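Undergrad: My questions concern the predicted model and sequence given below.
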Amino acid sequence: MAFLLPIGPAIAQDQDDPAIEQSAPTPQEVLAAAPADHWLPIPVTDLIIFTLPDDAEGNKRQAVIQLIPTELSGAHVRNVRKFAAQRWWDDTKIYRVSKDFVTQFGGNPDNKKVPKNLETVPESDYFNAALGAKRATDQAALDAAVAYSNEYQGTEIRPLMKTIYESYGAKVGFGAGWPIGTKDGKAFPITCRGSLSPAHYDPPDAGTGAEISIITGEAARSLDMTFGMVGRVIDGLEHVTNLPLGTAAGGFYADKSEHIPITSVRLASELPVADQPRYEYLASYSPSLLQYIEAHGGYGNICTVPVPIRKVAE
């Protein structure tokens, strides 16, 4: 499978005059040169709108969450969709903000009764064979596209594994726009900054998804394979990171008066069509993804440079 890249002066080396020194492209230039059909839509049915009260200056505080697609996800994600559809998180609280680790919200401390139609989540749901298979398909297409572009278009795009690395022995890659690892033959979504990780309780109780941590720092990579991941914040992450830090152990708020109320958590598909946000992501099979990572300075772990996501103009 070959993908033709529109190569401009900022991307390709001048083959006719090597004396002409070409400046390295910026990340913005790479994205601008990416083929239009390499930008894929995020279904509005996978989006959740997370709203906090306006700040002290009256500015809106709203984050947009993308869930792992239904066909690539398990019971935790299905439960999260049910919680949002039933508006269960409305008027619950953020009760933990731990610096460069997590912002946590949900059932505790409100002790709300969960809906009756939830699924029991086995710990095996922390792994995801469907995402692993999608990553393998996208990786094969990416390898073919990079080889074609380097041979026939004069590019010098490095393979994925020479652009990113992992530190704990996992094989990593991208599938359907998600960072995915595989270790000991089991695939799992990687908990990068912005990821949503449901709380779990004593094994084998993997929790319902009622309580969720939004990952705000690299330290939470320890949650890979042990807590699971259901989605990620794709817009407005600053609204859940720029919050007062909890002063009690673990970053919990010491007093209930410090809790931050959540106005609403809504499925975007429930909004009027004119108000539904539209986003696109850069395909995992696009060589532009590797050029984009390289333009940020090259080497880093798979979470260093998130997959590009852009809002579509209304």
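TA: Nice, thanks for sending it over. Numbers count the residues shown, from 1 in each chain.
Undergrad: wait, what's in contact with the nearest residue to Thr226 once chain neighbours are set aside?
TA: Nearest residue to Thr226 in three dimensions, chain neighbours excluded: Tyr126, at 6.9 Å (Cβ to Cβ, 6 or more residues apart in numbering). To be clear about C-beta, it is placed using only N, CA and C from the backbone, and glycine gets the same treatment. With contacts defined as Cβ atoms under 8 Å, 6 or more residues apart in numbering, the neighbours of Tyr126 are Phe188, Ala206, Met225, Thr226, Phe227, Gly228.
Undergrad: what helix or strand does Lys112 sit in?
TA: Using DSSP states H and E, Lys112 maps to neither a helix nor a strand.
Undergrad: Looks like it contacts Arg87 (just checking).
TA: No. In this structure Lys112 lies outside contact range of Arg87 using Cβ atoms under 8 Å: 11.4 Å.
Undergrad: Please tell me how far the residue nearest to Thr226 sits from Pro189.
TA: Using Cβ to Cβ, to the nearest Å, one gets 9 Å for the distance from Tyr126 to Pro189.
Undergrad: Now list whatever residues contact both of the two.
TA: Listed contacts common to Tyr126 and Pro189 are Gly228; contacts here mean Cβ under 8 Å, 6+ apart.
Undergrad: Tell me if I am right that Phe50 is in a helix.
TA: No. Counting by DSSP: H, G, I helix; E, B strand; the rest coil, Phe50 falls outside a helix, being strand.
Undergrad: Does the nearest residue to it once chain neighbours are set aside lie in a helix or a strand, and which?
TA: Excluding the flanking residues, the one nearest Phe50 by Cβ to Cβ, 6+ apart is Ala63, at 4.4 Å. Following DSSP H and E, one finds Ala63 within strand 61-67.
Undergrad: quick revisit: residue contacts, the residue nearest to Phe50?
TA: Contacts for Ala63 were tallied using Cβ under 8 Å, 6+ apart; they are Ile49, Phe50, Thr51, Val233, Asp235, Gly236, Leu237, His239, Val240.
Undergrad: if we can go back for a sec, name only those of the contacts of Tyr126 that count as buried.
TA: Among the contacts of Tyr126, the ones that count as buried by 16 or more other Cβ atoms under 10 Å are Phe188, Ala206, Met225, Phe227, Gly228.
Undergrad: For the residues you listed, give me TSV that also has distance to Arg81 and secondary structure.
TA: Shown next, in TSV, are the buried ones among the contacts of Tyr126 (distance: Cβ to Cβ, whole Å; DSSP: H, G, I helix; E, B strand; the rest coil):
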residue	distance to Arg81	secondary structure
Phe188	20	strand
Ala206	17	coil
Met225	23	coil
Phe227	19	coil
Gly228	15	coil
